[in-house]
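Q: model this:
(one chain, ligands or ions: 2)
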Amino acid sequence: MRLLVTGGAGFIGANFCHHLARTTDHTITVVDKLTYAGNRANLEGIDAQRLTFVEADVTDAPTVTRLAEASDVIVHFAAESHNDNSLREPRPFVDSNLLGTFTLLEAARHTGTRLHHISTDEVYGDLELDDPQRFTEETAYNPSSPYSATKAGSDMLVRAWVRSFGVQATISNCSNNYGPYQHIEKFIPRQITNILIGRRPKLYGAGLNVRDWIHTEDHSSAVLAILERGRIGETYLIGADGEKTNLEVMRAILSLMGQDPDAFDHVTDRPGHDLRYAIDATKLREELGWVPAFRDFEAGLAATIDWYRDHESWWREAKEATEAAYARRGQ
Ligand code: NAD
Ligand code: DAU
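A: Ligands and ions are numbered 1, 2, ... in the order given. Below you'll find the model as predicted:
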């Protein structure tokens with residue numbers, strides 16, 4: 001197949017391209033605007049015969065339509081992805097996440113190209129710590145932040161284009177990813193790189209919020225399973241039963257890096273901070289036979305720490321500016 005991967009120079013999109021290159025014969029065209037979160041170097045190592053890179057905004061309709069025309073499937077990762085940024089400056093989230101998805105849907109409609117939309121568990125809002133129910137495909141949408149609201153809106157656009165125009169689309173909503181190439185603004189790489197430069201890691205509030213961690217390789221294999229065996233018009237939740245409090249993750253990072261597990265600072269909490277996310281991936285497992293390969297979180301975390309230790313040149317330049325932006329918000 002000829003795959004068009006939007007946002008393929010970002011964290012999850014780049015890991016997906018490496019996964020495709022290793023496990024399939026598909027050809028890959030990446031379209032990416034190269035925002036602060038996109039890095040062309042994330043795709044290094046993929047055979048140039050298999051990969052074409054196009055620097056463009058997904059709201060650029062003529063470019064996107066031309067690329068869709070030449071593709072069998074669009075896998076749509078491109079988005080503004082960080083909640084904290086959406087609280088500071090929401091506009092780019094509306095542009096990229098809503099208008100970007102609209103532009104791709106129109107391209108899919110006019111060219112007949114299939115589209116897989118990558119979304120997030122955050123569209124469902126949050127759960128109480130003791131809620132026995134986890135998110136399923138039937139859970140009502142209830143987003144909290146400008147980021148999750150734009151992702152929820154983009155999912156709704158996809159559903160409307162399927163029903164109204166017969167666009168051949170699927171959606172997946174995944175939980176929190178970790179692994180290589182994640183921008184150092186995000187929780188796990190921020191703490192790892194803080195420790196590597198001798199700065200104390202920063203925990204929002206009491207750290208009792210729960211996130212459901214999945215290795216990005218498992219996200220990639222799940223998306224591939226949906227592309228190969230998923231039913232058009234369906235939504236699949238992706239998760240690997242990885243619930244942990246932020247405090248547990250913080251202490252695990254410190255211990256794995258040979259530090260006192262309590263050597264971190266509590267900082268100003270995120271406004272409107274979602275308490276808990278948790279995915280029930282029964283449909284994906286039973287209907288498509290998908291199983292996660294990374295079941296040992298501590299082992300995955302240790303490998304991720306090694307990656308950041310070995311790739312200082314990849315993250316070093318962005319570190320001061322990223323931390324300065326957090327410092328301005330007391331974080
Ligand atoms: P990221 O911020 O690391 O990467 C986003 C990529 O999209 C970057 O390369 C950026 O340059 C590109 N991009 C942004 N706006 C664009 C535009 N208008 N046109 C073209 N390219 C644009 O994000 P990520 O963490 O890799 O997330 C990728 C997708 O997965 C997003 O849709 C996100 O909502 C979703 N998701 C993320 C997670 C997670 O844990 N990070 C979990 C579930 C779903
Ligand atoms: O659930 C999926 C979502 O996971 C994706 O849709 C988002 O794109 C992705 O960024 C992620 O969102 P979160 O807001 O959960 O991720 P983040 O890494 O920003 O924060 C994880 C948790 O850690 C959250 O409860 C906030 C907390 N945190 C974050 C940072 C940056 C801290 O305690 N300290 C920090 O320095």
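Q: which part of this structure gets nearest to ligand 1, residue-wise?
A: residue 10 (2.0 Å; CB to the nearest ligand atom). Placement of C-beta: from N, CA and C, glycine included.
Q: surely that residue is in contact with residue 38?
A: Yes. Counting by CB atoms under 8 Å, residue 10 touches residue 38, with 5.3 Å between them.
Q: which parts of stretch 18-38 are buried?
A: Of all the residues in stretch 18-38, those buried under the rule 16 or more other CB atoms under 10 Å are 18-21, 26-33, 35, 37-38.
Q: again, but for stretch 286-300
A: Here stretch 286-300 shows 288, 290, 292, 294, 297, 300 as buried, counting by 16+ other CB under 10 Å.
Q: so how many other residues sit close to residue 166?
A: Applying other CB atoms under 10 Å, we find 12 residues neighbouring residue 166.
Q: ramachandran coordinates for it?
A: Here is the backbone geometry of residue 166 (degrees, to the nearest 10): phi 70, psi 20.
Q: what's the helix or strand for residue 117?
A: Using DSSP states H and E, the element containing residue 117 is strand 114-120.
Q: helices and strands around that strand, which ones?
A: Applying 3 or more CB pairs under 8 Å, 6 or more residues apart in numbering; DSSP states H and E, one finds that strand 114-120 contacts strand 73-76, helix 100-111, helix 146-165, strand 169-174, helix 216-229.
Q: so that strand versus helix 216-229, what angle?
A: 150 degrees (axes from the mean of the first three to the mean of the last three CA atoms, to 10 degrees).
Q: which outside residues touch strand 114-120?
A: 12, 72-77, 79, 101, 104-105, 108, 148, 151, 154-155, 158, 167-174, 223, 226-227, 230, 232 (CB atoms under 8 Å, 6 or more residues apart in numbering).
Q: quick one, which of the residues you listed are buried?
A: By neighbour count, with 16+ other CB under 10 Å, these hold 12, 73-77, 79, 101, 104-105, 108, 148, 151, 154-155, 158, 167-174, 223, 226-227, 230 as buried.
Q: so which of those are also by ligand 2?
A: Among the buried ones among the contacts of strand 114-120, proximity to ligand 2 is found for none (CB under 6 Å from any ligand atom).
Q: quick check: closest non-adjacent residue to the residue of the chain most remote from its centre.
A: Relative to the C-alpha centroid of the chain, counting by CA atoms, centre = their mean, residue 260 is the outermost residue, at 30.1 Å. Spatially, and ignoring its direct neighbours in sequence, residue 260 is nearest to residue 254 (6.7 Å; CB to CB, 6 or more residues apart in numbering).
Q: try residue 18
A: residue 46 (6.5 Å).
Q: okay but the one you found is in contact with residue 21, surely?
A: Yes. Proximity of residue 46 to residue 21 meets the contact threshold set by CB under 8 Å, at 4.6 Å.
Q: joint contacts of those two?
A: residue 28.
Q: in stretch 111-130, what's buried?
A: 111, 113-127.
Q: isn't the residue nearest to residue 260 up against residue 194?
A: No. Under the criterion of CB under 8 Å, residue 254 is not in contact with residue 194, lying 10.3 Å apart.
Q: common neighbours of the two, please.
A: residue 201.
Q: about what we covered before: could you look up the SS state of the residue nearest to residue 260?
A: Local secondary structure at residue 254 is given as helix here, using DSSP: H, G, I helix; E, B strand; the rest coil.
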